[in-house]
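S.K.: With the input below, show me the fold.
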Amino acid sequence: MEMGLEEFGRLSTRDDDYVKLSLMPRANADVSEHGIRFKRKLLYSCEKAVREGWYVRSNSKAPKKIAVSYDPSNLDQIYIWEMENNSYEVCSLLPYQKAFFNRNVFEFENYIENQELKRRLRQEKEKQVNDDLIAEIQHDVGKATEMTDHALLNKQSNRNRIKSIKNNRKQEAAIVREENKFVLDGQRNKRGSATNLGKVIPIHQISSNDSLDFPSDIDFLARRQKEKLDDNNK
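M.R.: Numbering: from 1, shown residues only. Have a look, this model is predicted:
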């Protein structure tokens with residue numbers, strides 16, 4: 001009975017801090033080269049971690065995970081239990097994490113949710129902008145391709161028209177040459193026959209009495225005198 005009283009008296013002498021710590025919720029924290037990471041975003045440090053080189057990668061004796069107690073109403077500090085000597089180590093938020101100072105666990109979780117929501121909205125907006133940009137580029141490429149195809153068709157059509165014009169001009173020139181060609185009577189209706197090619201067709205023989213020269217005035221007068229003399233002699 002005395003032992004029970006003695007044990008009870010020894011428990012009653014504990015400091016109020018240990019009573020509070022025993023009532024706090026507990027969780028695990030990760031130890032990395034950046035600090036003691038709690039709830040994925042909060043980074044803490046303490047004298048024990050610095051003294052024992054917890055943040056040195058090559059230190060194989062440094063713990064990877066530790067059990068901590070924390071106050072849900074204020075996350076500025078977390079506490080590491082030292083069971084072997086019945087003490088605790090206070091770990092404080094790193095100075096550059098001022099955004100989380102004086103926040104309770106609910107405020108912190110809401111903050112993280114809002115940040116995550118903003119991040120997703122930003123990603124969706126960036127994706128929409130990228131999709132719109134890709135659609136615009138595809139539209140411009142399609143339009144440029146269509147214009148190129150149209151230009152090629154016009155170029156081909158122009159070539160065909162020019163070729164057609166040249167052919168028409170050749171045909172017209174051939175027709176004009178055919179219409180203006182001199183065709184002799186002897187060759188009429190015989191053109192195109194191979195037997196007439198290079199054949200000489202004679203012109204009707206000219207009488208030796210016929211003269212191809214125009215009569216001179218003297219010859220004309222001499223002929224008129226002879227005619228009158230013949231009339232008088234009759």
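S.K.: who are the neighbours in contact with residue 163?
M.R.: By CB atoms under 8 Å, 6 or more residues apart in numbering, the contact set of residue 163 is empty. C-betas here are computed from N, CA, C, even on glycine.
S.K.: Could you say which helix or strand holds it?
M.R.: Counting by DSSP states H and E, the element that carries residue 163 is helix 105-180.
S.K.: Residue 130 versus the residue nearest the centre of the chain, what's the distance?
M.R.: Nearest residue to the geometric centre of the chain (CA atoms, centre = their mean): residue 137, 5.6 Å. Residue 137 sits at a distance of 10 Å from residue 130 (criterion: CB to CB, to the nearest Å).
S.K.: what do you get for residue 112?
M.R.: Computed as CB to CB, the residue 112 to residue 130 distance reads 27 Å.
S.K.: Tell me which of these two has more neighbours.
M.R.: More neighbours surround residue 112 than the other of residue 112 and residue 130, with 15 against 10 (other CB atoms under 10 Å).
S.K.: Confirm for me that the more buried one is in contact with residue 41.
M.R.: Yes - between residue 112 and residue 41 there is a contact under CB atoms under 8 Å: 6.2 Å.
S.K.: Scan the protein for its longest strand.
M.R.: strand 74-82 (DSSP state E).
S.K.: just how off-centre is that strand within its chain?
M.R.: Put simply, strand 74-82 sits 53 Å off its chain's centre (CA atoms, centre = their mean, to the nearest Å).
S.K.: What residues sit buried inside that strand?
M.R.: By 16 or more other CB atoms under 10 Å, the buried positions in strand 74-82 come out as 75, 78, 79, 80, 81.
S.K.: Make sure the third one is actually in contact with residue 90.
M.R.: In other words, residue 79. Yes - using CB under 8 Å, residue 79 is in contact with residue 90, at 6.1 Å.
S.K.: Which residues are in contact with residue 124?
M.R.: By CB under 8 Å, 6+ apart, residue 124 lies in contact with nothing.
S.K.: which residues touch stretch 87-102?
M.R.: 17-18, 21, 35-36, 41-49, 68-69, 74-82, 108, 111.
S.K.: can you rerun that using 6 Å?
M.R.: Stretch 87-102 is contacted by residues 35-36, 43-44, 46, 48, 76-82 when judged by CB atoms under 6 Å, 6 or more residues apart in numbering.
S.K.: Format those residues as a markdown table; extra columns: distance to residue 146 and pLDDT.
M.R.: Below are these laid out as a markdown table (distance: CB to CB, whole Å; pLDDT from 0 to 100):
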| residue | distance to residue 146 | pLDDT |
| --- | --- | --- |
| 35 | 60 | 94 |
| 36 | 63 | 96 |
| 43 | 58 | 96 |
| 44 | 63 | 97 |
| 46 | 69 | 95 |
| 48 | 72 | 92 |
| 76 | 65 | 95 |
| 77 | 68 | 96 |
| 78 | 66 | 96 |
| 79 | 71 | 95 |
| 80 | 71 | 93 |
| 81 | 74 | 84 |
| 82 | 77 | 79 |
